[in-house]
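> The following block contains a protein sequence and its predicted model.
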Amino acid sequence: MFRQQRVEYKSANQIRTMREAGLVLSNALDQTVAAARVGISTRELDAVFAGVLKDAGATSNFLGYHGFPASICTSVNHEVVHGIPGDYVLQDGDIISIDGGAIVRGWHSDSARTVIVGTPRAEDVHLSKTTEEAMWRGIAALATGKHVGDIGSAIDDYVSAAEGPALGILQDYVGHGIGTQMHQSPDVLNYRSSHRGPKIKPGLCLAIEPMLVQGRVETSVLDDDWTVVTVDGKRACQWEHTVAVHDGGIWVLSAADGGAAKLAELGVVVAPLD
Ligand code: MG
Ligand code: MG
């Protein structure tokens with residue numbers, strides 16, 4: 001779990017290229033989320049996403065990753081992560097996490113959003129809102145914290161104190177460093193741990209991606225060798241952004257506004273690189 005490989009610290013120019021990959025991804029997710037509705041198949045959503053990357057001259061870091069057959073993961077209801085797009089047609093009230101990434105000139109981005117199609121259940125709205133807010137708390141901790149472990153502590157504290165039905169934080173899957181590869185050191189835990197992780201310093205680029213569940217946190221993998229589901233069949237949710245630390249502060253590379261609006265609510269001023 002705790003990989004000890006060297007962390008790849010990025011220069012300002014490398015972060016600027018990662019921003020390009022983040023903006024292509026943000027646009028692709030905008031269009032995929034807009035297409036997500038009752039009656040559309042997850043394969044059709046994958047085609048929407050892939051089309052945006054192609055038009056932008058970017059490539060997918062998901063397609064072909066250890067043999068993964070699509071450009072996004074579509075994880076519906078009790079599927080947590082790594083769902084494979086296919087024939088499944090979205091039904092009224094489904095909650096779907098759409099996770100994708102892009103490569104521009106060798107630099108990667110990775111981001112996920114959750115959508116509820118048709119008539120939402122109140123408990124699913126709570127699940128998605130709490131997961132998204134937990135992600136932003138984790139991102140804010142990258143600006144204010146000292147070690148990567150502070151991100152997980154911020155997420156854990158927020159989820160533990162959140163109003164409404166209690167939600168579980170998945171421990172089997174975590175966030176990660178990102179740069180010349182999609183998955184790099186260090187691991188980014190979504191929970192409080194005695195493992196402080198490396199120091200936060202300029203050049204660190206992370207994918208911060210809490211995954212929350214309505215029931216127990218135990219998961220299993222389906223026979224397709226990809227799709228991760230909750231063992232108790234309760235619903236799950238994931239939100240994710242790629243974020244950079246540089247000399248001037250943090251910048252949410254996969255958010256169109258660089259994270260400015262959400263982080264302002266949390267007292268953090270983002271620092272875009274011109
Ligand atoms: Mg992802
Ligand atoms: Mg990721």
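The structure has been received and is ready for your questions. Ligands and ions are numbered 1, 2, ... in the order given.

> tally of neighbours for whatever residue of the stretch 1-150 of the chain ends up closest to ligand 2?
Closest contact between the stretch 1-150 of the chain and ligand 2, by Cβ to the ion, is at Asp110 (4.2 Å). In this view, the C-beta of every residue, glycine as well, is placed from N, C-alpha and C. Neighbour count of Asp110, defined by other Cβ atoms under 10 Å: 27.

> Figure out how far stretch 85-97 is from the centre of its chain.
Its chain's C-alpha centre and that of stretch 85-97 lie 19 Å apart, by Cα atoms, centre = their mean, to the nearest Å.

> about what we covered before: what bridges to the residue of the stretch 1-150 of the chain closest to ligand 2?
Beta-bridge partners recorded for Asp110 (DSSP bridges): Gly101.

> tell me which element Val33 falls in.
helix 12-35 (DSSP states H and E).

> can you tell me which residues contact the residue nearest to the spatial centre of the chain?
The centroid of the chain falls nearest to Glu240 when counting by Cα atoms, centre = their mean (1.8 Å). Counting by Cβ atoms under 8 Å, 6 or more residues apart in numbering, Glu240 makes contact with 99, 110-112, 135, 175, 207-209, 254.

> Repeat that for Gly259.
By Cβ under 8 Å, 6+ apart, the contact set of Gly259 is 136, 139, 241, 243, 250-252, 270.

> Helices of the stretch 101-250 of the chain, start to end?
For the stretch 101-250 of the chain, the helices defined by DSSP state H, counting those that start in this stretch occupy 122-144, 149-161.

> what is the mean pLDDT for the shortest one?
To tie it back to what came earlier, the one meant is helix 149-161. Taken as a whole, helix 149-161 carries a mean pLDDT of 98.

> Next, count neighbours for the closest residue to Glu123 other than its chain neighbours.
Using Cβ to Cβ, 6 or more residues apart in numbering and skipping residues adjacent in sequence, the residue nearest Glu123 is Pro165, 6.0 Å away. By other Cβ under 10 Å, 11 other residues sit near Pro165.

> Asp124 too?
Other residues lying near Asp124 total 18 when counted by other Cβ under 10 Å.

> For the stretch 1-150 of the chain, which residues are neighbours of ligand 1?
Counting by Cβ under 5 Å from the ion, the stretch 1-150 of the chain comes close to ligand 1 at 99, 110, 112.

> State the number of residues packed around Lys199.
For Lys199, the neighbour count with other Cβ under 10 Å is 11.

> Please name the nearest non-neighbouring residue to it.
Nearest non-adjacent residue to Lys199, counting by Cβ to Cβ, 6+ apart: His147, 5.8 Å away.

> so which of the contacts of Glu240 comes closest to Glu79?
Distance to Glu79 across the contacts of Glu240 (Cβ to Cβ) is lowest for Asp99, with 11.0 Å.

> Tell me, how many residues neighbour the closest residue to that closest one other than its chain neighbours?
In space, and not counting its chain neighbours, Asp99 is closest to Ala112: 3.7 Å by Cβ to Cβ, 6+ apart. Using other Cβ under 10 Å, Ala112 is surrounded by 25 other residues.

> Also Gly233?
Neighbour count for Gly233, taken as other Cβ under 10 Å: 11.

> wait, does stretch 137-154 contact ligand 2?
No. Stretch 137-154 does not reach ligand 2 (Cβ under 5 Å from the ion); its nearest approach is 12.7 Å.

> what does the stretch 151-274 of the chain put close to ligand 1?
Taking Cβ under 5 Å from the ion as the measure of proximity, the stretch 151-274 of the chain contacts ligand 1 at Glu240.

> So what pairs up with whatever residue of the stretch 151-274 of the chain ends up closest to ligand 2 in the strands?
For the stretch 151-274 of the chain and ligand 2, the shortest gap (Cβ to the ion) falls at Ala207, measuring 3.9 Å. With DSSP bridges as the criterion, Ala207 is bridged to His176, Thr242.

> Fine, thanks again, bye for now.
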